[in-house]
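Q: Give the three-dimensional model of this entry:
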Amino acid sequence: MQDATRIPADDGLPAAPDHRSEGLDGLITPPLSRRGFVMTSLMTGLTLATTRVEAQVIHTDTAGIEAGEVRIPAGDGPMPGYRAMPDGQGPFPVILVIEEIFGVHDYIKDICRRLAKAGYCAVAPELYARQGDLSRMTDVKEIVRDVISKTPDDQWIADLDATVVWAGSASKGDLGRLGVMGWCRGGRGVWLYAAHRRDLKAAVAWYGPVTGERTAIQPRTAGDVAAEINAPLLALYGAADTGIPVASVEEARDKAKAAGKSVELVVFPDAPHGFHADYRPSYRKEAAEAGWSRALGFLTANGVG
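A: Residues are numbered from 1 along each chain as shown. Here you go, the predicted model:
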């Protein structure tokens with residue numbers, strides 16, 4: 001494997017543009033609070049917080065690509081992340097990869113490598129690095145209570161913006177071809193980021209919740225911002241997902257369409273939540289492969305390719 005370039009905090013790159021107020025009135029709660037990073041590097045292996053079926057795990061090699069851990073300049077220091085991109089001069093279209101609640105572990109890293117094989121510069125920043133060390137956490141309820149619920153939306157949105165700046169200036173990224181893809185909680189993030197980022201070309205949300213509790217630091221749901229998305233969005237959901245009723249996603253889609261926005265909803269029969277997560281018992285190979293094919297085609301059709 002080739003080592004990815006590591007970028008120090010004081011590399012002199014320009015600060016991320018302040019897109020936080022664009023298109024998300026009511027979502028951002030200034031001032032943006034920062035604190036030190038708890039995680040200074042990514043975890044090794046798969047998450048410890050859920051049942052794993054390692055015999056079915058997909059592993060994508062690094063032939064023809066450059067892949068590895070990187071440091072992304074953020075407002076308060078270097079943020080750990082994973083970047084994969086094709087060998088060559090570029091520039092390459094950029095895909096922001098938004099993790100599940102379990103951190104940037106081997107599954108998320110492999111997704112970046114799969115995208116690199118498809119011609120993309122894929123970057124997955126560790127968006128929960130300030131809130132807790134996900135490499136050591138084994139209890140899903142603890143992760144939700146102590147990490148997920150305490151991560152302000154304005155914080156991770158600003159971190160994604162910083163990642164975009166870094167991808168364009170240090171990673172051969174073509175920011176004129178910018179997309180975002182996320183899974184589970186990251187799927188929620190896709191809806192919110194699509195409502196925030198005006199230069200986004202395409203967004204793909206894998207079974208992200210569209211409803212949920214509103215708090216002072218997480219004041220709006222994905223459904224709340226559906227009418228404000230700035231890019232076509234592909235929504236990939238499972239009919240057997242007991243936590244996300246298809247009707248709630250249909251409502252968000254219809255809200256977006258009523259506002260003149262583009263949302264394509266694909267529901268896979270009998271697929272549960274997490275059907276793309278090949279390391280978990282929820283994995284459904286046929287639905288995962290079909291969803292991946294639809295996602296890549298959607299990106300290309302909308303100018304990210």
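
Q: pretty sure Tyr279 contacts Val53?
A: Yes. At 6.5 Å, Tyr279 counts as touching Val53 under the criterion of CB atoms under 8 Å. Heads up, the C-betas are built off the backbone N, CA and C, glycines and all.

Q: Among these two, which residue is more densely surrounded?
A: Neighbour count, other CB atoms under 10 Å: between Tyr279 and Val53, Tyr279 has more, with 23 against 13.

Q: need the strands for the protein, in chain order.
A: Ranges of strands within the chain are 65-74, 77-86, 92-98, 121-125, 173-183, 202-206, 233-238, 263-268, based on DSSP state E.

Q: Now do the buried residues in the longest one.
A: When burial is assessed from 16 or more other CB atoms under 10 Å, strand 173-183 yields the following buried residues: Gly173, Asp174, Arg177, Leu178, Gly179, Val180, Met181, Gly182, Trp183.

Q: Including pLDDT and distance to Ala203, could those go into CSV?
A: Shown next, in CSV, are the buried residues of strand 173-183 (pLDDT from 0 to 100; distance: CB to CB, whole Å):
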residue, pLDDT, distance to Ala203
Gly173, 95, 17
Asp174, 97, 17
Arg177, 98, 13
Leu178, 98, 10
Gly179, 98, 7
Val180, 98, 5
Met181, 98, 7
Gly182, 98, 8
Trp183, 98, 13
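
Q: any idea which of those residues is closest to Trp292?
A: Of all the buried residues of strand 173-183, Met181 has the smallest distance to Trp292: 10.1 Å, by CB to CB.

Q: Distance of that closest one relative to Val53?
A: 23 Å (CB to CB, to the nearest Å).

Q: Now render the buried residues of strand 173-183 as JSON lines, adding distance to Leu48.
A: Putting those into JSON lines (distance: CB to CB, whole Å) gives the following:
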{"residue": "Gly173", "distance to Leu48": "32"}
{"residue": "Asp174", "distance to Leu48": "37"}
{"residue": "Arg177", "distance to Leu48": "36"}
{"residue": "Leu178", "distance to Leu48": "33"}
{"residue": "Gly179", "distance to Leu48": "30"}
{"residue": "Val180", "distance to Leu48": "27"}
{"residue": "Met181", "distance to Leu48": "24"}
{"residue": "Gly182", "distance to Leu48": "22"}
{"residue": "Trp183", "distance to Leu48": "18"}
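
Q: Tell me which two in those residues are the farthest apart.
A: So, the buried residues of strand 173-183 by CB to CB: farthest apart are Asp174 and Trp183, at 23.9 Å.

Q: Skipping its backbone neighbours, what lies nearest Pro125 in space?
A: Leaving aside its sequence neighbours, Pro125 sits nearest to Gly81 (CB to CB, 6 or more residues apart in numbering; 4.0 Å).
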